[in-house]
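Chemist: This is a predicted model, with the sequence first.
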Amino acid sequence: MKIMYGQNGQENNIMAYAKFTPRNTTTNNSYDVHYMTKSIQDFLQGTNWTTQSDASGSLGFNGSAGTVAGTYPTSGIYSSVSVANQSTGGELSFYKKHYAHSQFTGDPQLKVVLRISSSDGWRIHIYDRNGSNISPNTNVSTGIGGSTTAYMNAVPPVGADYGQVLDSVHIIANDTTFAMKIISGGGGADNTPTTTDHGWMVLNDIEYNPTIDLWAYGIDNTYCPSVYTHAATMNVMSNPQHPAAGSNYAWFGVTQPRYIDATGVVRTGITNAANGYDHGGLAHTTDMQYSTFNPQPNIRQDSFAIAGSDTPAHMLTPVTFIGQHRLSHPDGTAAADLYKNPRRGRLMNFYRTTDDCANDGNVILEGSTRYRIMKGHMTGNAYQSSAENRACYAFPEDNVPYA
């Protein structure tokens, strides 16, 4: 296990995966989430959050019940981690550098802001290195799904400033990836198989391409070859029934927050996340300007039954970013032509594995390498709101530094 210096100058065993659960499961306290953001801050600043004072009081996350595993990111990848002082709700911000930042004349990086409020849930927005050019939309009140309609896309949808409405939060933090999974439940109303809501976000680095990336960074130093994925799945992901009953809503978006378009102009990435359709890889539209990745999010991934071994055998399929997916590429004057993002590339340490293979935070092994699972979104239908299976993604538990 890698040893790093923590925020207080002490040596700690630091982890790249963490699971957080609330201390209060029945009490409504609007200061709960403030202490929760402080525990996440502790984690990102290089301390073992489970032993810090923020996780040992009567509010926030329960440190004694927390899970930590793996090795922490390289020093300097995460910086300026801060928590806002406020009496209700919570706000955490930090910067994440691209894993290959040392290859540039500057340090390509993005700012991440997590905001928590009663009406809009846990929501994440991405900004450029200067704290400007918000993505995937310009409204900080949009839920993690990408809309302001809380019951469809805010996780948790009601009373999110109370920690007791949470079941758990899972975080992966390594050199290439910051990923978070938010699950409603706990002592709140949304804690049954047909009412539990799931929010998911991943900020992941595209594999460094010196020819493209150094040129793009030279055009504008707010460019960063990283991709933001966000999703909200309401009422269905925890339901074991097929087809799953309930009022099901699904939001799913993929974008590169700061990219260079086909004409050489820097732009801010956007998403159109409703129903998980436009970014699902099955949109057969000649004018589609939105991003996706491969394996196509809305197509199933299965496993193999191998005789004489533990079955099933799960594949780890590398995820590849597709800046724009559509059937034709005319040189027209529509936004889809002028603003298209030609960038493609492997998303580092980000894998699709067998649908429905595990629960959030479970481990699968490839040889001796441990991977943590996150259920990202529904799959198996062009519209995720009608899909019945859960797309599972795997991230290495240990950090993989740039070499």
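Modeler: Thanks, I have the structure now.

Chemist: which residues in the stretch 151-300 of the chain form helices?
Modeler: Taking DSSP state H, counting those that start in this stretch as the test, the helices found in the stretch 151-300 of the chain are 210-219.

Chemist: any weak-confidence spans in it?
Modeler: For the stretch 151-300 of the chain, the stretches with pLDDT under 70 are 242-246, 284-288.

Chemist: what do you get for the stretch 301-403 of the chain?
Modeler: 307-310, 327-333, 335-336, 403.

Chemist: ok, which stretches of the stretch 301-403 of the chain are strands?
Modeler: For the stretch 301-403 of the chain, the strands defined by DSSP state E, counting those that start in this stretch cover 317-322, 344-353, 363-366, 369-379, 389-396.

Chemist: Could you say which one of the ones you listed comes nearest to residue 175?
Modeler: For residue 175, the closest of those is strand 344-353, at 8.2 Å, according to C-beta to C-beta. (C-beta placed from N, C-alpha, C; glycine too.)

Chemist: Residues touching the closest one, excluding its own?
Modeler: When contacts are defined by C-beta atoms under 8 Å, 6 or more residues apart in numbering, strand 344-353 is touched by residues 99, 174, 176-177, 202, 204-207, 209, 225, 227, 293, 295, 301, 314-323, 364, 371, 373, 391-396, 400.

Chemist: Hmm, residue 95 and residue 101 touching each other?
Modeler: No. In this structure, residue 101 is not within contact of residue 95 by C-beta atoms under 8 Å, at 10.7 Å.

Chemist: what touches both of those two?
Modeler: Common neighbours of residue 101 and residue 95, using C-beta under 8 Å, 6+ apart, are residue 109.

Chemist: ok, back up a step: and residue 35, which of the strands of the stretch 301-403 of the chain is closest to it?
Modeler: When the strands of the stretch 301-403 of the chain are compared by C-beta to C-beta, strand 369-379 sits nearest residue 35, at 23.9 Å.

Chemist: Could you name the helices and strands sitting against that closest one?
Modeler: On a contact count with 3 or more C-beta pairs under 8 Å, 6 or more residues apart in numbering; DSSP states H and E, strand 369-379 meets strand 166-173, strand 177-184, strand 197-205, strand 226-234, strand 249-255, strand 344-353, strand 363-366, strand 389-396.

Chemist: To residue 338, which of those strands lies closest?
Modeler: Taking C-beta to C-beta, strand 249-255 is the member of these nearest to residue 338, at 16.4 Å.

Chemist: ok, residue 64 - how many residues close by?
Modeler: Number of residues near residue 64 (other C-beta atoms under 10 Å) recorded here: 10.

Chemist: Double-check that it belongs to a helix.
Modeler: Yes. Counting by DSSP: H, G, I helix; E, B strand; the rest coil, residue 64 is part of a helix.
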